[in-house]
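K.L.:
3D, please:
(2 chains)
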There are 2 protein chains.
Amino acid sequence: MTRQRPLLLLSNDDGVDAKGLRELIRTLCPLADLMVVAPDGPRSGASGSITSENPLRAVLVEQKPGMALYKCTGTPVDCIKLALHSLVPRTPDLVVGGINHGDNSSVNVHYSGTMGVVIEGCLKRIPSVGFSLCNHAADADFSAALPYVRRITELLLAEGLPAGTCLNVNFPDVERMKGVRVCRQTSGVWAQEFAVMDNPRGGKCYWLTGSFRNDEPEAEDSDRWALANGYVAITPTQIDMTAYALMDKLNRWNWEV
Amino acid sequence: MTRQRPLLLLSNDDGVDAKGLRELIRTLCPLADLMVVAPDGPRSGASGSITSENPLRAVLVEQKPGMALYKCTGTPVDCIKLALHSLVPRTPDLVVGGINHGDNSSVNVHYSGTMGVVIEGCLKRIPSVGFSLCNHAADADFSAALPYVRRITELLLAEGLPAGTCLNVNFPDVERMKGVRVCRQTSGVWAQEFAVMDNPRGGKCYWLTGSFRNDEPEAEDSDRWALANGYVAITPTQIDMTAYALMDKLNRWNWEV
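P.N.:
You can find the predicted model right below:
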């Protein structure tokens, strides 16, 4: 009896034509059957956003043995929801986001469409991982990351993840990575976030940009430190956002109206 | 010497014309100066999404002593970023999201534009709170919630919050609330998430809907239990999403490539 190949559900936020997605498909094809459902264009910074005001469409773009690729009019999270509802032949063994063109470490987890994909997979009780390379360029070189993408995927298929947890994996933009470090989310703040310019039709307009200020550049257990020092940063991430440590304090406040 | 009135920065995801925002403004005007920067239309489900591909515009819609109201072309998070960068006269004492038309408890924290506002305020090191009423209707009745909105705001102005934490406050849709409960995020899953319909131009389309399955309806410390039992649910929420409990296990995996 042949054992069924694992099924991976892939999406991203750079859109169906992004190089990072194509490299991910190429790397994971030997390991598993792939269902790819990606946005029909760039959705960078989509976070966990969903589309409720309009219906979505999905079109099969490419199909070959072991791989089907759809493009979808929605957000990255919409892609995962729609795939799980209507497109997958069985429950996937793993949800994979990426490979993102750009860094999703530290506070970027809150803005990232790639991590939107991953958190959605996790919310649906499927082991989930996001891969991101610290290079925004459309033609970024993913080659040093690919052996790690493969190894991490193999480990996740073999080991799974505890319920409510997923992985945020970021790769430094280097030719040779020094290995893997299991990290925590770095504390930091985005500053100088807008370029202010004249609107040719009158008034001002504001274009998002910014520089990241790392609060703890020397913290060797942080994901930014790992990246700055040439390591693959693996940040285990959880969907329970409750600040348990704050509950006692709040219970002592006088909430009466 | 007169002490300066506190400054609150308000936004929402239902847009500048939503009743919930108007009620929030009316309730908080007596407590503080208000800077309101809200999306120019509905942005439900915007999560922490940001706009990087296009410039934003913001227009002053209304101004009176102690209150300025702008509408902005961006997402809820864009509104907060833009306000803090270019519109506020000083650092706000509190960021307030809402009052949302609809429930943002449990896993909805990951999709909510209201909580996008709040998490952004928290990422910017400002005490932040989101208010949501469990009623989606445009003409929902917020009156039972308003005394709590006022009291919670007063408490936050007096006490602040620890760095990296914020509050997700949800109100049951009842005439008289039984009081406040400090809760944790309920574990649950959205299911049956799409209505599939024929696209009049050919093929199928998929409209997001769904039903929520609560894993733990009897858990008296969960936010859904509080809401189901007529209490205001206050879920302390944190921006550090690291799954610390998973780090040891991951450190024992063989990551070598």
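
K.L.:
Look up the closest residue to A:A46, ignoring the ones flanking it.
P.N.:
A:G113 (3.4 Å; CB to CB, 6 or more residues apart in numbering or on different chains). For the C-beta atoms, the positions are set from N, CA and C on the backbone; glycine is no exception.

K.L.:
In stretch A:45-56, which residues are buried?
P.N.:
Neighbour-count burial for stretch A:45-56, counted by 16 or more other CB atoms under 10 Å in any protein chain shown, picks out A:45-51, A:55-56.

K.L.:
quick one on the thing from earlier: what's near enough to touch the residue nearest to A:A46?
P.N.:
A:12-13, A:39, A:43-47, A:49, A:75-77, B:49 (CB atoms under 8 Å, 6 or more residues apart in numbering or on different chains).

K.L.:
Out of these, which is nearest to B:M197?
P.N.:
Using CB to CB, A:T75 comes nearest to B:M197 of these, at 19.5 Å.

K.L.:
returning to that earlier point: now, the most widely separated pair of the buried residues of stretch A:45-56?
P.N.:
Checking those with CB to CB, the most distant pair is A:G45 and A:P55, at 23.2 Å.

K.L.:
remind me, longest helix of chain A?
P.N.:
Longest helix in chain A by number of residues (criterion: DSSP state H): helix A:146-159.

K.L.:
Paired strands for the next helix or strand after that helix, with orientation please.
P.N.:
Once helix A:146-159 ends, the next helix or strand along the chain (criterion: DSSP states H and E) is strand A:165-171. With DSSP bridges as the test, strand A:165-171 is paired with strand A:128-133 (parallel), strand A:232-238 (antiparallel).

K.L.:
for stretch A:234-251, how far is the first residue from the last?
P.N.:
Counting by CA to CA, to the nearest Å, you get 35 Å between the two ends of stretch A:234-251.

K.L.:
what distance separates that stretch from the middle of the whole chain?
P.N.:
21 Å (CA atoms, centre = their mean, to the nearest Å).

K.L.:
can you check stretch A:59-78 too?
P.N.:
Stretch A:59-78 sits 17 Å away from the centroid of its parent chain (CA atoms, centre = their mean).

K.L.:
Tell me if it is near chain B.
P.N.:
Yes. Under the criterion of CB under 8 Å from any CB of the partner chain, chain B is reached by stretch A:59-78 at A:59, A:75, A:77-78.

K.L.:
Cross these against helices and list the overlap.
P.N.:
A:77-78.

K.L.:
If you rank the residues of stretch A:59-78 next to chain B by neighbours, which is first?
P.N.:
Highest neighbour count within the residues of stretch A:59-78 next to chain B, by other CB atoms under 10 Å in any protein chain shown: A:V77, with 31 neighbours.

K.L.:
isn't it right up against A:R43?
P.N.:
No. Judged on CB atoms under 8 Å, A:V77 makes no contact with A:R43 at a distance of 9.5 Å.

K.L.:
Just the pLDDT at A:R3, thanks.
P.N.:
Here, the pLDDT recorded for A:R3 equals 71.

K.L.:
which SSE is it in?
P.N.:
With DSSP H and E as the test, A:R3 turns up in no helix or strand.

K.L.:
And it, how far from B:T165?
P.N.:
46 Å (CB to CB, to the nearest Å).

K.L.:
now A:A58
P.N.:
39 Å.

K.L.:
ok, now A:L155?
P.N.:
Applying CB to CB to A:L155 and B:T165 gives a distance of 33 Å.

K.L.:
Which one's more surrounded, the two?
P.N.:
Legend: neighbour count by other CB under 10 Å for A:L155 and B:T165, higher for B:T165 (21 against 17).

K.L.:
That one: what's it in contact with?
P.N.:
With CB under 8 Å, 6+ apart, B:T165 has these contacts: A:243, A:246, B:122, B:236-239.

K.L.:
Buried residues in stretch A:189-203, which are they?
P.N.:
So stretch A:189-203, judged by 16+ other CB under 10 Å, has buried residues A:189-190, A:193-194.

K.L.:
For that stretch, the averaged confidence score.
P.N.:
On average, stretch A:189-203 scores 94.

K.L.:
give me the beta-bridge partners of A:V129?
P.N.:
Per DSSP bridges, the residues bridged to A:V129 are A:V96, A:L167.

K.L.:
Does it touch A:L156 like I think?
P.N.:
Yes. With contact defined as CB under 8 Å, A:V129 reaches A:L156; the gap is 5.9 Å.

K.L.:
hey, where'd the helices end up in the stretch 101-250 of chain A?
P.N.:
A:113-123, A:146-159, A:223-228, A:247-251 (DSSP state H, counting those that start in this stretch).

K.L.:
and these, which is most packed in?
P.N.:
helix A:113-123 (a mean of 30; mean count of other CB atoms under 10 Å in any protein chain shown).

K.L.:
From the chain's centroid, how far away is that helix?
P.N.:
6 Å.

K.L.:
Could you check the angle it makes with strand A:128-133?
P.N.:
170 degrees (axes from the mean of the first three to the mean of the last three CA atoms, to 10 degrees).

K.L.:
Report the mean confidence score over helix A:113-123.
P.N.:
The average pLDDT for helix A:113-123 rounds to 98.

K.L.:
Low-confidence stretches in chain A?
P.N.:
A:1-2 (pLDDT under 70).

K.L.:
Give me the phi and psi for A:L21.
P.N.:
Per-residue torsions, A:L21: phi -70, psi -40 (degrees, to the nearest 10).

K.L.:
now for stretch A:247-257, what's the gap between its first and last residues?
P.N.:
So stretch A:247-257: terminal residues 20 Å apart, CA to CA.

K.L.:
Stretch A:10-23 now?
P.N.:
12 Å.

K.L.:
Give me the buried positions along it.
P.N.:
For stretch A:10-23, burial by neighbour count (16+ other CB under 10 Å) applies to A:10-16, A:18-21, A:23.

K.L.:
again, but for stretch A:84-93
P.N.:
Those would be A:84-88, A:92-93, for stretch A:84-93 by 16+ other CB under 10 Å.

K.L.:
before we move on, what about stretch A:25-36?
P.N.:
Applying 16+ other CB under 10 Å to stretch A:25-36 flags A:25, A:27-28, A:31-36 as buried.

K.L.:
returning to that earlier point: may I ask which two of the residues of stretch A:59-78 next to chain B are separated the most?
P.N.:
Farthest pair in those, by CB to CB: A:V59 and A:V77, 18.6 Å.
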